[in-house]
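Enquirer: Just need the structure, nothing else, for what follows:
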Amino acid sequence: MKWLSLILFAALFDLSVNQVSVLFGNAVQANNCAEWSNWGPCIWLKGKKKRWHRSYFEQLIPGRSGCRHHIFFRLLQDRWGQAFSNFFEYMRHMTISEELCGECSYQQSCGRTCHRKGNIDEINPLFVAEKRCSKVDQSNACVSRNVNNCKLWPNPDVPLPNVTDTIKEIINGF
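Expert: From the prediction side, this is the model:
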């Protein structure tokens, strides 16, 4: 459980780039799942689209056609949802750019009827695929507020409930 906690919570700190499952393996639509949802919308921090004013989890599509209720995201939300929210809101506040930027916006697809049998290089162990948003130019650098000589993280003022000190040390070292 300690490694699962580390792996799943480490995902929190890649949320600033909205890429979660790719941190932990082969985040493609692999054959170890009988079916995959369609690619969801681009997840982002802020901007003109109404969806981008929602939380990370609320931007995921609900139901079988999306990932919001997939076991991976449910576990993240149930265990570390408040920490995710706090971090996501902090990054939303710190980011000035309203358009997708920095090659940071990703789409998710979730597997159904999956197994973990096979070579780790050929399966998707988390059953969540991610890809950079397609057909969107994200080549401009993201602009953020200037703090601490451009060091946005770690920030001890952002509460991370349910996160152990050991995990915080690891995360803050990224």
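Enquirer: average pLDDT for the biggest helix by length in the chain?
Expert: Among the segments of the chain that qualify as a helix by DSSP state H, the longest is helix 71-94. The average pLDDT for helix 71-94 rounds to 91.
Enquirer: got the buried residues for it?
Expert: 72-73, 76-77, 79-81, 83-88, 90-92, 94 (16 or more other C-beta atoms under 10 Å). C-beta here means a position set from N, CA and C on the backbone, and glycine is covered the same way.
Enquirer: which sections of this structure are below the confidence cut-off?
Expert: Residues of the chain that meet the criterion pLDDT under 70 lie in 1-25, 174.
Enquirer: So which residues of it form strands?
Expert: 33-36, 106-114, 128-132 (DSSP state E).
Enquirer: Select, out of these, the one closest to residue 153.
Expert: strand 106-114 (18.9 Å; C-beta to C-beta).
Enquirer: Check which strands are paired with the closest one and give the direction for each one.
Expert: The pairing partners recorded for strand 106-114 under DSSP bridges are strand 33-36 (antiparallel), strand 128-132 (antiparallel).
Enquirer: most packed of the ones you listed?
Expert: strand 128-132 (a mean of 21; mean count of other C-beta atoms under 10 Å).
Enquirer: Tally up the residues packed near residue 169, please.
Expert: 10 (other C-beta atoms under 10 Å).
Enquirer: again with residue 96
Expert: Residues near residue 96, counting by other C-beta under 10 Å: 12.
Enquirer: do the same with the one 10 residues further on
Expert: Neighbour count for residue 106, taken as other C-beta under 10 Å: 24.
Enquirer: Is it correct that it is in contact with residue 133?
Expert: Yes. Using C-beta atoms under 8 Å, residue 106 is in contact with residue 133, at 6.4 Å.
Enquirer: list the residues that contact both of those two?
Expert: Shared contacts of residue 106 and residue 133, defined by C-beta atoms under 8 Å, 6 or more residues apart in numbering, are found at residue 42.
Enquirer: show me what contacts residue 165?
Expert: Per C-beta under 8 Å, 6+ apart, neighbours of residue 165: none.
Enquirer: and stretch 109-121, which residues are buried?
Expert: Result for stretch 109-121 [16+ other C-beta under 10 Å]: buried residues 109, 110, 111, 114.
Enquirer: Thanks again, I'm all set now.
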